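Engineer: Fold the stuff below for me.
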Amino acid sequence: MITRQFIGLVKNAIIIFLATLFAISCSGDGTESNGAITINYTIEDLPVSIDHVHYSGYDLNGDRIYESSEFLMSDTHLLEDVPRSTTSIAIEYHTTTHEKLYKDVQAVSFSENALIVLLPQYHAPAFDPKRLAIVDVYNDNLLVRGNFPFVKKDADNPCHPDFPGQEHCFALEAFTSKMKEVRKDFDIDQYEIIDFSLIDNQGTFDELTAEANAIGLGIEDIKCGSHSYWPPYNGCTWDPKTLYISTSSENIPWRLVWWPVYACANPIPCGSDQAEIGLDRFHFSEASKFLNELLKGSSESGKKRLIYFHCVQGTDRTGALHIAYLMDNNPQMKFTEALEGATKGTKQGSDDQQLDPPLVPMCTYVGLAYRYCQKEYPKRVDITDDWFNTTSKCR
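Structural biologist: Alright, predicted model coming up:
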């Protein structure tokens, strides 16, 4: 019987042979040509939520000099016509809804060969302090944006003792350390942490499950949160304003809000039908106002509140909601100013950049915020649909 491993070896050999021929044929007169990169994956080691991969190449100065089309997930990808001045390849893993799950950067060198073989390793999303920014403050309550606030359970990151079955834990040490950098008097014990999650229950099902587990619940306890309910408003009485409370007192986080954000695409910005789905059925038009309501509310415990809203990378869905929040709370602000503020991670009432580097959101999610602002604040929207065809302000 021919094994899958044997078939894979033969397949890789053929790809390497063809890539070598490609490299030789490009050189012609013996001058330096572009090269090729074969990327091999062990599919079993990747989460099932990965749908496609995107590759970018950078030179020694950090300039992007190569960009691929989307590759559907498979065990081997071949990148052709890669400039030989490329010194690193960035690999972005995306879900079916185009949310970036993880970005890996691999060093490459064409100094000796026209063909390079890479064996990248996928790492699950984890909290990144560089993606955290304070968005607003009200009577010592804090509104904070960031990325997935959990890390893999290990000796340095133990989970809450009441929830021994957890595989991911709230990134307590790293989160606290970053918050003390941006707010010197921060003491996490003085705050009730509300995890405001913008991820979905399809491509990021594992991450949503981890968030439910972190407050002592299962995914089946999150109304419409199981795989079978998508979109959540379809045949299920989903209320995004539901506050799920931890089963253990003094737990961090204390509450969970599940408010998935819809990718407004095809075309970009989306048409009226897609906009209606994103704004009304997924309730994006209410999300910013609910953040403000939570910020100005008081906790039953008497503690201060910290509302942490996030997606996986803290860039796209998070950026779109930040745009809406800035527009809702700054009556003179134009849309392009709100986009710039969200990209830099500015705080309400300040132009200071908190995100370094800035996080440029995907145009699919900027398009959703754009449709929201067209509906709510048409006189302050200073772009048109055509802007999306040429802009570099979203990606």
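Engineer: out of everything not next to it in sequence, what's closest to residue 342?
Structural biologist: The spatial neighbour of residue 342 that comes closest, neighbours along the chain excluded (CB to CB, 6 or more residues apart in numbering), is residue 322 at 3.8 Å. All C-beta spots, glycine's among them, are computed from the backbone N, C-alpha and C.
Engineer: What of residue 102?
Structural biologist: Among residues not flanking residue 102 along the chain, residue 93 sits closest, at 4.8 Å (CB to CB, 6+ apart).
Engineer: I figured that neighbour hits residue 101, correct?
Structural biologist: Yes: at 4.7 Å, residue 93 counts as touching residue 101 under the criterion of CB atoms under 8 Å.
Engineer: all strands of the stretch 251-395 of the chain, in order?
Structural biologist: With strands called from DSSP state E, counting those that start in this stretch, the stretch 251-395 of the chain shows them at 255-258, 304-310.
Engineer: Might you list the low-confidence residue ranges for this protein?
Structural biologist: Applying pLDDT under 70 to the chain flags the ranges 1-32, 112, 122-123.
Engineer: So for it, the centremost residue is which one?
Structural biologist: Central residue of the chain (CA atoms, centre = their mean): residue 313, 2.8 Å from the mean position.
Engineer: hang on, isn't that residue packed against residue 145?
Structural biologist: No: when contacts are counted by CB under 8 Å, residue 313 is not listed as touching residue 145 (11.5 Å).
Engineer: Need the overlap of contacts for the two.
Structural biologist: residue 131 (CB atoms under 8 Å, 6 or more residues apart in numbering).
Engineer: now the strands of the stretch 251-395 of the chain in CSV, with distance to residue 293?
Structural biologist: Output for the strands of the stretch 251-395 of the chain, formatted as CSV (distance: least, CB to CB, whole Å):
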stretch, distance to residue 293
strand 255-258, 11
strand 304-310, 10
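Engineer: any chance of the ones you listed in TSV, with mean neighbour count and distance to residue 137 too?
Structural biologist: Shown next, in TSV, are the strands of the stretch 251-395 of the chain (neighbours: other CB atoms under 10 Å; distance: least, CB to CB, whole Å):
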stretch	mean neighbour count	distance to residue 137
strand 255-258	22	19
strand 304-310	23	10
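Engineer: Correct me if wrong: residue 335 contacts residue 381.
Structural biologist: Yes: the pair residue 335 / residue 381 is scored as a contact, 4.6 Å apart, by CB under 8 Å.
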